[in-house]
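Student: predicted model, plus sequence, below.
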Amino acid sequence: DAGVIQSPRHEVTEMGQEVTLRCKPISGHDYLFWYRQTMMRGLELLIYFNNNVPIDDSGMPEDRFSAKMPNASFSTLKIQPSEPRDSAVYFCASTPAGQPPNEQYFGPGTRLTVT
Amino acid sequence: GEDVEQSLFLSVREGDSSVINCTYTDSSSTYLYWYKQEPGAGLQLLTYIFSNMDMKQDQRLTVLLNKKDKHLSLRIADTQTGDSAIYFCAEISSGGYQKVTFGIGTKLQVIP
């Protein structure tokens, strides 16, 4: 398997623009997670899905952020409108259900810069 | 809620042992993990320990778990320059729906 795939790897955009980050989890994995990593706050869980259904979105910063998982092989994280404080590395991770030790497999991340 | 704390930075000389420490608050943790993040990459599971164990050894890695004090440590023997990375302590609780709580990460710098 190719692992978790994220696109784009780098995104530079201007404040106010819409940004869409994409993730393809590992085939057969039931859980998908979106994280944000910054120097100040470390790794933050934004939202996660089980079988394409959002389970916990309490980490989503505000209404400007939204995430969808229309099918088992694709998820998006959208920021509209983007702000400079959204600059971070965004990771997607997936894990299969019921397989201890419940390892999370991370994608390479998308580095977002909002100017 | 769950919380995982670890120091931000550790510097060691090549060939020495590194010890990275972590404390957690969730007494219902089932698995505790160490993830490694190399520059420009995502996190990768390095090792883990089940909560009913005190110690786990895997080649150069030794994980110690003190459940009473909720303290987890990772010892890397004969540290190499390739071990330079950020190390994340993490835990998953029994009712967590696969949700893992990560620490902020300890940056290990290995000096040649």
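Tutor: Looks like it arrived, so ask away. Nothing here was measured: the structure is a model prediction, and the numbers come from that model. Residues are numbered from 1 along each chain as shown, chains lettered A, B, ... in the order given.
Student: poorly predicted segments of chain A, please.
Tutor: Scanning chain A with the threshold set as pLDDT under 70 gives A:1.
Student: what's near enough to touch the residue lying farthest from the centre of it?
Tutor: Residue farthest from the centre of chain A, counting by C-alpha atoms, centre = their mean, is A:Pro100 at 22.7 Å. Residues near A:Pro100 by C-beta atoms under 8 Å, 6 or more residues apart in numbering or on different chains: B:Tyr31, B:Phe50. For glycine as for every other residue, the C-beta is placed from the backbone atoms N, C-alpha and C.
Student: burial of A:Asp56, as a residue count?
Tutor: Neighbours of A:Asp56 under the rule other C-beta atoms under 10 Å in any protein chain shown: 16.
Student: report the beta-bridge partners for it.
Tutor: A:Tyr48 (DSSP bridges).
Student: residues making contact with the helix or strand of chain B with the lowest mean pLDDT?
Tutor: Taking mean pLDDT, DSSP states H and E as the measure, strand B:100-102 is the helix or strand of chain B with the lowest mean score, a mean of 90. Strand B:100-102 is contacted by residues A:42-43, A:45, A:102, A:104, B:2-4, B:24, B:26, B:33, B:35, B:88-93 when judged by C-beta under 8 Å, 6+ apart.
Student: after that strand, next one along is what?
Tutor: The C-terminal neighbour of strand B:100-102 among helices and strands, as given by DSSP states H and E, is strand B:106-111.
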